[in-house]
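1. Task: produce atomic coordinates for the following.
(chains A and B)
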Amino acid sequence: MTSLTLVRRIKARPSIVFDAITTPEGIAQWWGPEDGPVLVAETDTRVGGRYRVRFRNLDGTEHESCGVYLELVRPERVVMSWRWTSGGADPGESRVEMTLRAIPEGTELTFTHSQLHDEESRRSHENGWAGALQKLEARFANQL
Amino acid sequence: MMVKYHKQLDRTFAALVDPTRRAILAHLEREEGVTVSELAEPFRIKLPAVMKHLDVLANAGLITRSKAGRTVTVRLRAQPMRQAMEWLSHYERFWSPRLDRLALYVEAKEADSRRKPR
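-> Numbering: from 1, shown residues only, chains lettered A, B, ... in the order given. Now for the predicted structure:
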C-alpha cells in the first residue's frame, strides 16, 4: 500500500492542534496553498460526518477535496476518507490519518496519507456499485 | 487506467516491504544482469525461497528475467518504482508546506493563549 507519513513536533498543546485541523476557522488558516485562499471549509465533526474543503491556487485553478470522518478522538486522533472532487481526474478514495501525541514541548503530529488497499476499498464500497465497477474496469484494463 | 495504475502501486509497495527483496533490488542496482544463483549467494536462504521472492518482484514488474540455456539472468526494471515515487512526491509536495503552516498557526495560537490566560 502506498503511503506517505510526515511527522511534525509542534509547540502547541494537542487540543489547539486538534481544533486547527477539525474546525472551519482552523482549516482556513493552513489548508490552502501558500498565498492562495481557502474558499470553502465545512466540517461535521462526528464519526460519519462529512467535511469539504475548496481552495484556489495562484494560477487560478480551484481544487476541492471531501470525505467522511472515520474516527475522531479529541485531542488525539482524526481519521478521514479523502477524495478529490474537482480539478482533474479522480484518483479514487484515499485515507488521511492524523495522530496527536502530547510531548513536553507540545504535540507530536504524525500525519499519514495512504492509498486504500483493494480489499479495504472494496469493503468501504460495501454493497455499492463502485467496487463492482472498479473490478470490472480493472479486468478490462488488464487485457489492454 | 487509473485503477490499473493504483493496483500497480499496491504491488510495488507490497514487494518492497520485505528486507530480502529490498536487498535483491539493491544488488541489481549495483550490478546489471545477475544470475539467480549469484543473487541467492549472500542470503542464508535456499534457492526455492529466493525464486519465490523473485516471483513477487517480477509480478510487481520490478525485475525482468531472461533465460539463456540453463542460466536465468535477472535485471532491474525501474518504471514501477518511478510511479510509486511520483505518487509519494506529489503528496509530499502537497502536505509538507501545509503542515509547516499548520505548525506556525497553532504555535502562534498557543503563544497567544499563554499571554492572555482566560
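2. drop to CA atoms for contacts and neighbour counts, all remaining ones
-> Noted.
3. Apart from its chain neighbours, what residue comes closest to A:Thr43?
-> Ranked by C-alpha to C-alpha, 6 or more residues apart in numbering or on different chains and with sequence neighbours excluded, the top spatial neighbour of A:Thr43 is A:Tyr51, at 4.2 Å.
4. check contacts around the one you found.
-> Going by C-alpha atoms under 8 Å, 6 or more residues apart in numbering or on different chains, A:Tyr51 touches A:Ala41, A:Glu42, A:Thr43, A:Asp44, A:Thr45, A:Cys66, A:Gly67, A:Val68, A:Tyr69.
5. so the residue lying closest to A:Asn57 once chain neighbours are set aside, which of the three states?
-> Once flanking residues are discounted, A:Asn57 sits nearest to A:Gly36: 5.2 Å by C-alpha to C-alpha, 6+ apart. Per DSSP: H, G, I helix; E, B strand; the rest coil, the local secondary structure of A:Gly36 is coil.
6. how near is A:Gly36 to A:Arg74?
-> 29 Å (C-alpha to C-alpha, to the nearest Å).
7. Show me which of the two is the more surrounded one.
-> When A:Gly36 and A:Arg74 are compared for neighbours, A:Gly36 comes out ahead with 16 against 13, by other C-alpha atoms under 10 Å in any protein chain shown.
8. Now do that one, the pLDDT please.
-> pLDDT recorded at A:Gly36 is 83.
9. Residue ranges in the chain under the pLDDT threshold?
-> Looking at chain A here, since you left the chain open. Within chain A, the stretches with pLDDT under 70 are A:1, A:87-91, A:116-144.
10. um, chain B though
-> Applying pLDDT under 70 to chain B picks out residues B:1-6, B:117-118.
11. In a helix, A:Val17, correct?
-> Yes. Read with three-state DSSP, A:Val17 is one of the residues of a helix.
12. For it, give me its contacts.
-> The contact partners of A:Val17, taken as C-alpha under 8 Å, 6+ apart, are A:Pro75, A:Thr107, B:Val106.
13. what does B:Leu57 give?
-> Each residue near B:Leu57 by C-alpha under 8 Å, 6+ apart is listed here: B:Thr12, B:Ala15, B:Arg21, B:Ile63.
14. do you know how far the third one is from chain A?
-> With distances defined as C-alpha to the nearest C-alpha, to the nearest Å, the gap from B:Arg21 to chain A amounts to 16 Å.
15. On the three-state scheme, that residue is what?
-> helix.
16. Tell me how far it lies from B:Ala15.
-> Separation of B:Arg21 from B:Ala15 (C-alpha to C-alpha): 7 Å.
17. A:Phe18 now?
-> Per C-alpha to C-alpha, A:Phe18 is found 35 Å from B:Ala15.
18. Put the buried members of the contacts of A:Val17 into a PyMOL selection.
-> In PyMOL syntax, the buried subset of the contacts of A:Val17 is picked out as below (16 or more other C-alpha atoms under 10 Å in any protein chain shown):
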select buried, (chain A and resi 75+107) or (chain B and resi 106)
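19. and the contacts of A:Val17, which of them are in helices?
-> Per DSSP state H, helices hold the following members of those: B:Val106.
20. now A:Val96, which residues is it bridged with?
-> Residues in a beta bridge with A:Val96, per DSSP bridges, are A:Met80, A:His113.
21. measure it to A:Leu58 for me?
-> 25 Å.
22. which of these two has more neighbours?
-> A:Val96 (20 against 12).
23. List the residues that contact that one.
-> Applying C-alpha under 8 Å, 6+ apart to A:Val96 gives the contacts A:Val79, A:Met80, A:Ser81, A:Trp82, A:Phe111, A:Thr112, A:His113, A:Ser114.
24. what's near enough to touch the last one?
-> In this case it means A:Ser114. By C-alpha under 8 Å, 6+ apart, the contact list for A:Ser114 reads A:Met1, A:Thr2, A:Ser3, A:Leu4, A:Ser94, A:Arg95, A:Val96.
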